[in-house]
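J.: how would this look folded up:
(one chain, ligands or ions: 1)
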Amino acid sequence: MDKKYFIAGNWKMNGTLASLSEIIKIDKACAQLDSDLVLCLPATIINAASEKITSNKLVIGAQDCHPKDTGAFTGDISAMMLKNVGAKMIIVGHSERRMSCGETSLLVKEKATSIINTGLPAIICVGETEEQKLSGETEKVVCSQLKNSLPNMSNDENTIIAYEPVWAIGTGKVPSLDEINHVHETLRNLLREVKGASISKTIRILYGGSVKPDNAKEIFSLDDVDGALVGGASLKADDFINIAKQAQI
Ligand code: 13P
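T.: Numbers count the residues shown, from 1 in each chain. Purely as a prediction, here's the structure:
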């Protein structure tokens, strides 16, 4: 079965209106590619970016949201509000939020539930720290995060999983191909138990953590990898497009 790869860029806290030219460059190049392509941008430029893109290929997404739709939550933004300005999907549970904002899997589940209820897909991230990896806890950690972060209504259309080892994010370090595939297989087995065989086969599991144009092809060749969540390399149109092109071959 041919895979349709899913390649998402996570711009994190980078990008201003001056970055629209880079987004337009990515949008133009995306028109020739077959994969599903997403840029998850800072909330401040989602509206402007959504209005500029014309390829019908690139989708603009967001990086986090509050679990409620509206209310007295100073500084927060809801999934409904992000959808209103053009976001077509939202990342939740990124390790940078789990760690620096103390987000629990229960909160991630509430956020993902609100995203899905808003009618958007949620990209749910899981991943172990270096310490957890060294003590042999990778499987236990990612399975517990996934089990506790996954909304009851999740399926292969409204949910995408991203495995991002914390120690591989922004470090240039990448797990071995066997390690990546093993973790993805483990997550898929868990999804089979909780969601059934059919959903577990088609739900997309992305790898994230130092994905670059020169390692993307071998990562995409793995059976249980359906695409990538790209941080640093998604900020430059050439790098992001070169990564996306590796999924074509
Ligand atoms: P890098 O690609 O910069 O390692 O970041 C990965 C990531 O955190 C994407 O969400």
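J.: what does the protein have sitting close to the ligand?
T.: 10, 94, 164, 169-170, 208-211, 229-233 (Cβ under 6 Å from any ligand atom). To be clear about C-beta, it is placed using only N, CA and C from the backbone, and glycine gets the same treatment.
J.: Now with 5 Å, please.
T.: 10, 169, 170, 208, 210, 229, 231, 232 (Cβ under 5 Å from any ligand atom).
J.: Which secondary structure elements does the lengthiest helix in the chain sit against?
T.: In the chain, assigned by DSSP state H, the helix with the most residues is helix 177-195. Under the contact criterion of 3 or more Cβ pairs under 8 Å, 6 or more residues apart in numbering; DSSP states H and E, helix 177-195 touches helix 138-149, strand 159-163, helix 197-202, strand 204-208, helix 216-220.
J.: For whatever residue of the chain ends up closest to the ligand, which non-adjacent residue is spatially closest?
T.: Nearest residue of the chain to the ligand, counting by Cβ to the nearest ligand atom: residue 231, 2.2 Å away. Once flanking residues are discounted, residue 231 sits nearest to residue 10: 5.3 Å by Cβ to Cβ, 6 or more residues apart in numbering.
J.: Name all residues that make contact with the one you found.
T.: The contact partners of residue 10, by Cβ atoms under 8 Å, 6 or more residues apart in numbering, come to 40, 63, 91, 94, 208, 229, 230, 231, 234.
J.: How about the closest residue in space to residue 94 that isn't next to it in sequence: which residues does it bridge to?
T.: Excluding the flanking residues, the one nearest residue 94 by Cβ to Cβ, 6+ apart is residue 125, at 4.8 Å. Residue 125 has these beta-bridge partners by DSSP bridges: residue 162.
J.: Isn't residue 125 up against residue 231?
T.: No. Residue 125 lies out of contact with residue 231 (Cβ atoms under 8 Å); the separation is 11.2 Å.
J.: any common contacting residues for those two?
T.: With Cβ under 8 Å, 6+ apart, residue 125 and residue 231 have common neighbours residue 208.
J.: okay, these two: which has more neighbours?
T.: residue 125 (27 against 21; other Cβ atoms under 10 Å).
J.: Any chance of the helices and strands packed on helix 177-195 in CSV with mean pLDDT and mean neighbour count as columns?
T.: As requested, these are arranged in CSV below (pLDDT from 0 to 100; neighbours: other Cβ atoms under 10 Å):
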stretch, mean pLDDT, mean neighbour count
helix 138-149, 98, 19
strand 159-163, 98, 25
helix 197-202, 96, 13
strand 204-208, 98, 24
helix 216-220, 97, 20
